[in-house]
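*Asks:* kindly return the folded structure for what I paste below:
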Amino acid sequence: MTDARMYRLQAAMEEESADLIALIPGPNLSYLSGLSFHLMERPVVALIPRVGLPALVLPDLEAAKLTASRIPFIPFPYGEDETSRSGAFLAMAKRMNVGALKVAVEYRRMRVLELRLLEKAAPQMTTGEADPLLARVRMIKELAEAQAMREAAHIAERAFEQTLPAICAGVSELEIAAELTLQTLRSGSDSELPFAPIVASGPNAALPHALPGERRLQAGDLVVIDWGAAHQGYFSDLTRTLAVGEPSDELRLVYETVRRANQAGREASRPGATAGEVDAAARTVIVAAGYGERFIHRTGHGLGLEAHEEPFISEGSDVRLEPGMTFTIEPGIYLAGVGGVRIEDDVLVTAEGAESLTAYPRELKVIAG
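*Replies:* Numbering: from 1, shown residues only. Here you go, the predicted structure:
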């Protein structure tokens, strides 16, 4: 088997003495195979061995997809009846000699449905966690992956620019989110966006993950807009904060503090630095301004085939940055009952330092109040 991604995963499995990894439809299976399957009532499960060919249980109606796989699978297709499905799992377990081996599963993704089918087919198997091994392989992006993310960032920025004319006092958060979604698709994004846009105005902006609602923008508001686009399955994730009319002196100070924290985090991103050191660089700026207790989340998270993946840019993390890692820098300050500010960029670690994949201006933009 010569595929580089599978080779890296199996080499990591060898180092960790991992016997088998079970995958279900999602970013890990897509990363290895290039195939996409719906996560539905008809289960799809891949078993990746430490050595040799992987196996795949899948419905008959999906079997034709295997011709497009970047890696060969030993297929175990099944029909519409439960007996056929159980038989496919039993056949796979026997072929892969599961027996009493430890099967590492995706803790953040594996459903009870697939897990129970595996356990029924191999009652003596035990389970472990596959996520650290998979993250180790996926954290370092190939050139094509980085380029896809760079294009996803450009798409998102074009979409935001096209949405700006629709943002003004009196328009609702939901109306802005709808327009931004439309413009993201029109700008060339894949149809599956990283997440639904966050548009949070006034007091709602003090909630980092607020859902857009019927609230209409008012003079004096800050508006936090968090959105992303997708290209060839890879994501971008940006946040910009706007002011509706002239903000108060305190809100201007808060904005400038977050902008400087964002810059400090980006400048601290380099090979050899730890994720904790990058978090500290951004956090120190906010603490020094007296808003440390209002920065209520980590500085960033990994980005790629998922909107949130490793590495996590959080306090105390000892993960050392390496060229090819991609993550967000998104410090924020949140004032309950008043508003909030977040500025988020996507960063690619390079041999010399870091490249910001996102370039949309970070200075405060004031729209008509």
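*Asks:* excluding its backbone neighbours, what's nearest the residue minimising distance to the centre of the chain?
*Replies:* By Cα atoms, centre = their mean, the chain has its centre lying nearest to A307, at 1.7 Å. Residue nearest to A307 in three dimensions, not counting chain neighbours: P194, with 4.1 Å by Cβ to Cβ, 6 or more residues apart in numbering. C-beta coordinates here come from the backbone N, C-alpha and C atoms, glycine included.
*Asks:* next, give phi and psi for the residue located most distally from the centre of the chain.
*Replies:* In terms of distance from the mean C-alpha position of the chain, T83 ranks first, at 37.0 Å (Cα atoms, centre = their mean). Here is the backbone geometry of T83 (degrees, to the nearest 10): phi -60, psi -40.
*Asks:* buried residues in stretch 85-105, which are they?
*Replies:* By neighbour count on 16 or more other Cβ atoms under 10 Å, the buried set for stretch 85-105 is 85, 88-93, 96, 98, 101, 103-105.
*Asks:* can I get it in PDB, CA atoms only?
*Replies:* C-alpha atoms of stretch 85-105 as PDB (Å, rounded to 0.1, in the frame of the first residue of the first chain):
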ATOM      1  CA  ARG A  85     -26.000  -6.500   7.600                       C
ATOM      2  CA  SER A  86     -25.000  -8.600  10.600                       C
ATOM      3  CA  GLY A  87     -23.400 -11.100   8.200                       C
ATOM      4  CA  ALA A  88     -21.300  -8.400   6.700                       C
ATOM      5  CA  PHE A  89     -20.000  -7.400  10.100                       C
ATOM      6  CA  LEU A  90     -19.300 -11.000  11.100                       C
ATOM      7  CA  ALA A  91     -17.400 -11.600   7.800                       C
ATOM      8  CA  MET A  92     -15.300  -8.500   8.300                       C
ATOM      9  CA  ALA A  93     -14.500  -9.400  11.900                       C
ATOM     10  CA  LYS A  94     -13.400 -12.800  10.900                       C
ATOM     11  CA  ARG A  95     -11.400 -11.600   7.900                       C
ATOM     12  CA  MET A  96      -9.600  -9.000  10.000                       C
ATOM     13  CA  ASN A  97      -9.000 -11.400  12.900                       C
ATOM     14  CA  VAL A  98     -10.600  -9.000  15.400                       C
ATOM     15  CA  GLY A  99     -11.000 -11.700  18.100                       C
ATOM     16  CA  ALA A 100      -9.900 -10.200  21.400                       C
ATOM     17  CA  LEU A 101      -7.900  -7.300  19.800                       C
ATOM     18  CA  LYS A 102      -8.200  -3.700  20.900                       C
ATOM     19  CA  VAL A 103     -10.200  -1.700  18.400                       C
ATOM     20  CA  ALA A 104      -9.500   2.100  18.700                       C
ATOM     21  CA  VAL A 105     -12.600   4.100  17.900                       C
END
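*Asks:* all the strands of the stretch 101-250 of the chain, residue numbers only.
*Replies:* Assigned by DSSP state E, counting those that start in this stretch, the stretch 101-250 of the chain shows strands spanning 102-105, 126-129, 198-201, 222-227, 230-231, 234-235, 238-244.
*Asks:* what is the second one packed up against?
*Replies:* In terms of contacts (3 or more Cβ pairs under 8 Å, 6 or more residues apart in numbering; DSSP states H and E), strand 126-129 is packed against strand 102-105.
*Asks:* count of residues packed around the residue nearest to A307?
*Replies:* Using other Cβ atoms under 10 Å, P194 has 23 other residues around it.
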